[in-house]
Structure formats: structure tokens, C-alpha cells
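A.B. asks: sequence first, then the predicted structure, then my questions.
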Amino acid sequence: MNKRTFFKSAAMAGAGLFTIRSLAYGENGSSIISPLMPGPLTNSKGEYILPPLDYPYNALEPHIDEQTMRLHHDKHHAGYVKGLNKATQAVKTAIEQNDYALIKYWERELAFHGSGHVLHSVYWKNMTPKTTRPSDTLKKYINRDFGSLNNFISYFSAASKKVEGSGWGILAYQTGTDKLVVLQAEKHQNLSQWISVPILVCDVWEHAYYLKYQNKRADYIRNFMDVVNWDDVGNRLDHLLSLK
Ligand code: MN
């Protein structure tokens, strides 16, 4: 598998910088679900939809019980999908009316429900009642980045166990570095959606503007927008579109 093919099969994600790959895929890539693609995450109109499970609710017994699966998929995940569609509509209205009074609230909703939808969609696919093994490519990356499959399992399990409060243990692929990394996501929103790759970023930490603009962040943002390199932004989008 060359790098291009590998990228192509990678599902994009990220609190900006990371991509998630499903662990459960065949060597021919036939069962890969890429959140980059429409399909299970959205319908043809771009509305978010609840993807059905690939197996019966009781298929993972006794490891994961049927009642948990029903509640988790039909209530919790469905709630994220509903909330994400609602937040998406609210943002659309805000743009149309040029009214951003509640934008902080809706951005939080977008991140919370968006990450919930994306991560659960990967989670269901990451599990199967069948016996499976890591592909050669996955094994190669795991061995290179973590030493061995056993090391990875210990590390991933420990990181997942020690997530403070609610959240996720995540194995992610980074497009910029060609590395696998394990990350903890506390809760899961933190104002990001675990599927997004940044193509335009504005640093609003004070160190980026305080010397010149002091507390006037809006002035800094206005000036930043005047120096945006749209060629670079466009190139980044082109690159991502080439991976679809
Ligand atoms: Mn959940």
C-alpha cells in the first residue's frame, strides 16, 4: 500500500490535526468507512443521519450487553445526530441573518454533537463479533510507533482507563507526520469535531496580538483576515479533496 492509498483509506478527524482510522478493516480496504465521504454520516442532502449497526444489538454479548447497545445507539447516538442537525441549522440561520449574538453557544453545540456523532460512528464500526487481526499495514505502523501490538494494547488501554471523567481513548493517524498517536479526549467536544482537518487557522492566544493590539482582539482578527494567503487555503482543500 503506497502512501497515497494509505491516505485515501484514512478517515479524517481531529481536534485539528489528527485522523482516526478504523481498526476493523480488510486488507483490500473493502470495509473501510471514511468519515470524509458522505454516506453513513450524512444523507444526500447533507443532513446528519444515524448509521445502523452492522450487527444485531446482541451480537457483542457477553462483552457488551444488548440493553447497553440499544440505549447507546438508539438514544445517545441518536441524540447527538439530532443536536448536530439543530446546531447546523441554527448556524445557517445566524449566517443568513448576520446575527452572531448566540454564536458561542451554537459553536459549543456543534462541537459537542458533531464529535459525538463522528466518534460513535467510528466506535460501532470498530467493534465486531467476528475474530479479526490487524492488517500488515496497520501492524507495520503499530510496530514502528509503539514497538509491538502488545505494547500498543497496554498503552491504549492505560490511556483510555485514565481519561479524567467522561471521554474517549483514541488511536489516530496524523496526516502531517505520517504517525499513529494515542490521545485522550476528555468529554469529546472542547470546541472541535473529531473529523475536521484545519485549512485556515487564526491564533487568538494573546501572544499572537497583544504587543500591538493589547485587548483589541477584533482589530487583530480584522487585520489577520487582510493577510490571509487564500492560495495556501485553496491548496490545502485541493489536497484533502484528492484523498477522497
Ligand atoms: Mn457513547
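C.D. replies: Sure thing, it's come through. Numbering: from 1, shown residues only.
A.B. asks: okay, CA-based contacts and neighbour counts for the rest of this
C.D. replies: OK.
A.B. asks: can you verify residue 170 is assigned to a helix?
C.D. replies: No - the assignment for residue 170, made by DSSP: H, G, I helix; E, B strand; the rest coil, is strand rather than a helix.
A.B. asks: in contact with it, which residues?
C.D. replies: Residue 170 is in contact with 20, 156, 160, 182, 183, 184, 185, counting by C-alpha atoms under 8 Å, 6 or more residues apart in numbering.
A.B. asks: make TSV out of the residues you listed and add distance to residue 92, pLDDT and neighbour count.
C.D. replies: Listed next are the contacts of residue 170 as TSV, based on distance: C-alpha to C-alpha, whole Å; pLDDT from 0 to 100; neighbours: other C-alpha atoms under 10 Å:
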residue	distance to residue 92	pLDDT	neighbour count
20	27	34	24
156	38	90	18
160	36	88	18
182	34	89	16
183	32	86	16
184	31	84	18
185	28	82	19
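A.B. asks: just name the closest of these to residue 104, please.
C.D. replies: residue 185 (20.8 Å; C-alpha to C-alpha).
A.B. asks: what helices or strands is the helix or strand the closest one falls within leaning on?
C.D. replies: Assigned by DSSP states H and E, residue 185 belongs to strand 179-186. Other helices and strands packing on strand 179-186, by 3 or more C-alpha pairs under 8 Å, 6 or more residues apart in numbering; DSSP states H and E, are helix 136-146, helix 149-161, strand 167-174.
A.B. asks: any idea how far the residue sitting furthest away from the middle of the chain is from residue 203?
C.D. replies: The outermost residue of the chain, judged against the average C-alpha position, is residue 212 (35.3 Å), by C-alpha atoms, centre = their mean. When C-alpha to C-alpha, to the nearest Å is applied, the distance between residue 212 and residue 203 equals 14 Å.
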